[in-house]
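Undergrad: Structure of the sequence below:
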Amino acid sequence: MIERALSAYLGQLLAWFPVVSVTGPRQSGKSTLVKASFPDFAYENLEDPQTFARASEDPVGFVRNRPDHLIVDEAQRVPELFSAIQVESDRRGTPGQYVLSGPQNFLLLRQISQSLAGRVGMARLLPLSFAELKTAHGDATLNDFLFTGGYPRMYDVGIPPLAYFPNYVETYVARDVVGYLDVRKAAAFRTFLELCAQSAGQLVNLTRLAGDAGVSRDTARSWLSILQSSYVVFLLEPYHANLRKRLTKTPKLYFHDTGLLCHLLRIQSAQQLLTGSQLGTVFENLMVEETLKRHMNAGREPRLYFYRDDEKREVDLVDMTVAGAEELVEIKASETFRPSFCRHLGLVGDLLGIPAERRFVVERAEGDFGSGGVQVRNASGWLTRP
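TA: You can find the predicted model right below:
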């Protein structure tokens, strides 16, 4: 098992709350993580037909007749369990009783908000970060990770991405989305998913996405919400503050995993990615996505933005998550540094009050150095920093 950085935070949550919830995309390693993190807990998986039947028929008895420390996997499949867990956890009044996991936060969170509000500590497990993979496999390279992504099963049993992702997409659409769609629109939803991949790193244009997919704008908005809620994509909001600038108000679209993104872009190999026109998009996606993982794995709520104003000044990533350690990051897939990469960092850094030592260009060039008051960092070292 590859050690997951989120494990330490889960232990903290369990010491504070009676219930801990772990959500994340399908196959991100949630079941493996919770069983490894809490080996003394009993484990029930509602994917098992007999377990599902017992929980569905008698949710109160299912909870009461099990040990005080219990993991319930695929918990969203039996919504009635949440009320039973609430009653039982309140009766005991102690932290560290239940761990609930599930792949879709649009189902699991609905039940939590109705039955367990204030009683649950919440964590999100995304696919492997490059830092996690590098710790377990010292020979892992950033170029391969860009193409393969971080879904653990590929590394556990050596499934090639070209075999893994078609099945992943089919499973995702068939199991996690079809209940929210008119079955006749399943094919259009797959098209919409590919169109989102083609829009990665760009400002969201719902009108264009809807038109290209052949659906209404309201449908496109609903489908984008489903993709966000099931941890396939996320939106990076533009930075807003009381500046005397007209700032963009439209978010950018990114994927939670570059392996899935490459599959949807029909990239067939790491070599094709490295020599093709999509490298800049995929590399930028990776840097933003990995920053998100880094904060979430540490139990921090990410405060990530991009900057763009009406004078065409733009910076790829504004990280305001840690007070006093804010970062301004320009992302470049190039292996050759050029001073033009820094052209907006100085002015935008001054506007946002981010000092020169925390203004960075992150690229694929070897080594770290300073240039014109900006710190230039190698991407692999940047992603594996403490």
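
Undergrad: Would you mark the buried spots in the longest helix anywhere in the chain?
TA: Ranked by number of residues, the top helix in the chain under DSSP state H is helix 279-297. Residues of helix 279-297 classed as buried: 279, 281-297 (neighbour count, 16 or more other C-beta atoms under 10 Å). No exception for glycine: its C-beta is placed from N, CA and C like everyone else's.

Undergrad: just checking, next helix/strand downstream of the helix or strand hosting V72?
TA: For V72, the element it lies in under DSSP states H and E is strand 70-73. Next in sequence after strand 70-73, counting helices and strands by DSSP H and E, comes helix 80-92.

Undergrad: Which is the succeeding secondary structure element to the longest helix of the chain?
TA: In N-to-C order, the element after helix 279-297 by DSSP H and E is strand 304-308.

Undergrad: Which elements pack onto the helix or strand just after that next one?
TA: With elements assigned by DSSP H and E, the helix or strand that comes after strand 304-308 is strand 314-319. With contacts defined as 3 or more C-beta pairs under 8 Å, 6 or more residues apart in numbering; DSSP states H and E, the packing partners of strand 314-319 are helix 279-297, strand 304-308, strand 327-331, helix 345-352.

Undergrad: coming back round to it: pLDDT of the longest helix of the chain, averaged?
TA: Helix 279-297 comes out with an average pLDDT of 98.

Undergrad: again with stretch 335-350
TA: Across stretch 335-350, the average pLDDT comes to 94.

Undergrad: How about residues contacting it?
TA: 307, 313-315, 328, 330, 332, 334, 355-356, 358-361, 363-366, 371-374, 376 (C-beta atoms under 8 Å, 6 or more residues apart in numbering).

Undergrad: if you set the cut-off to 7 Å instead, what comes out?
TA: Stretch 335-350 has contacts (C-beta atoms under 7 Å, 6 or more residues apart in numbering) with 307, 313-315, 328, 330, 332, 356, 359, 361, 363-365, 371-374, 376.

Undergrad: in stretch 56-66, what counts as buried?
TA: Buried residues in stretch 56-66, defined by neighbour count with 16+ other C-beta under 10 Å: P59, F62, V63.

Undergrad: meant to ask about stretch 331-344, not that
TA: Buried, per 16+ other C-beta under 10 Å, within stretch 331-344: I331, K332, A333, F337, F341, C342, H344.

Undergrad: Give me the packing partners of the longest helix of the chain, helices and strands only.
TA: Helices and strands touching helix 279-297, by 3 or more C-beta pairs under 7 Å, 6 or more residues apart in numbering; DSSP states H and E, are helix 142-148, strand 252-255, helix 258-264, strand 314-319, strand 327-331.

Undergrad: For the strand holding V72, buried residues please.
TA: Buried-residue list, strand 70-73, by 16+ other C-beta under 10 Å: L70, I71, V72, D73.

Undergrad: I'd guessed the last one sits against D48; true?
TA: Put plainly, it is D73. No: applying C-beta atoms under 7 Å as the test, D73 and D48 come out as separate, 9.2 Å apart.
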